[in-house]
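Peer 1: kindly generate the corresponding structure for this input.
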Amino acid sequence: MGEYQIVELVKDWYRMTSIKADNYFLLNDTTIISYELYKQSYQHNPSISKQVIGYVKNDITSSVSNLEFPTLEWYNIPYAYLHKKGYVVGEISPLGPAPLPNLKYIIYCIASSTRFPGIITHEFKDRLVIELLDLDVVANNLNLPKIMSSVLGSKLLRENNIVENELYEIIEQMRREKFFAGHTLDDADDIVYRYFDKNDSDLSKEVFKISQAYERVFRPYRVVYNTKTWEQVLM
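Peer 2: Numbers count the residues shown, from 1 in each chain. So this is what the prediction gives:
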């Protein structure tokens, strides 16, 4: 399957199913299953972990910046990469109890909502944003292999269980990296939020530079749908 086919598959799944905000898994037979169903299936058939090719993060938002830059909600990326590289992260992981050796994609599936306080206006109602990321590309651009090596050391060769302190150190090192026009991931997220959701127009130049860096680091395949017509729209 190509990128367009995967995004269309996710859109059709979202459209035809009663979906809640949660973690899901795309299998190599093109089915998408919930986190709970995956865990239950794994107990009876551990080989299902080898069938997972995509991690789908489904969510809703009342924030325009989340629709414009969904991958700045980046916290699941290190989990995904650790699972792909053969590690078990434990009960706190959103990706289940086992390594996912064939995991290739992270897919953000974010719908606009007016159910919560926020500034989603008529212009941005009825939107579904899907961003498809190649996990290896993103991990390399975020310096994750080097960070993992610095934290885990020889553990990379000895065992595959990650303790929470090691995970949090990997995340903290990612937090300190300034990939976005001199800004960290969290600072970039804050800047685009202030610009789009707090109307701080003085940040327009910084947002433009962050947008360029976002494309360079994440290289997302992005499609936006109107959830009334299911036609593609710009935003």
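Peer 1: all helices for the chain, in order.
Peer 2: 3-16, 35-44, 64-68, 76-84, 135-141, 144-152, 155-158, 164-176, 185-197, 204-218 (DSSP state H).
Peer 1: which residues touch the longest strand seen in the chain?
Peer 2: Criterion DSSP state E: the longest strand present in the chain is strand 52-61. Here strand 52-61 makes contact (CB atoms under 8 Å, 6 or more residues apart in numbering) with 6, 10, 14, 19-28, 32, 38, 66-67, 73, 76, 80, 94-95, 100, 102-113, 115, 118, 120. Every residue, glycine included, has its C-beta placed from N, CA and C.
Peer 1: buried ones among those residues?
Peer 2: 6, 10, 14, 19, 23-27, 32, 38, 66-67, 73, 76, 80, 95, 100, 103-113, 118, 120 (16 or more other CB atoms under 10 Å).
Peer 1: what's the burial count for residue 146?
Peer 2: 11 (other CB atoms under 10 Å).
Peer 1: how far away is it from residue 191?
Peer 2: 26 Å (CB to CB, to the nearest Å).
Peer 1: please apply the same query to residue 140.
Peer 2: Counting by CB to CB - residue 140 and residue 191 are separated by 24 Å.
Peer 1: comparing those two, which residue is more hemmed in?
Peer 2: More neighbours surround residue 191 than the other of residue 140 and residue 191, with 22 against 14 (other CB under 10 Å).
Peer 1: ok, now how distant is that one from residue 180?
Peer 2: On the measure of CB to CB, residue 191 and residue 180 end up 9 Å apart.
Peer 1: cool, residue 100 as well?
Peer 2: 27 Å.
Peer 1: circling back to that earlier point, in strands, which of the contacts of strand 52-61 fall?
Peer 2: Per DSSP E, the contacts of strand 52-61 map to strands at 22-27, 32, 105-112.
Peer 1: may I ask which of those comes out lowest in pLDDT?
Peer 2: Across the set of the ones in strands among the contacts of strand 52-61, residue 112 stands lowest in pLDDT, at 85.
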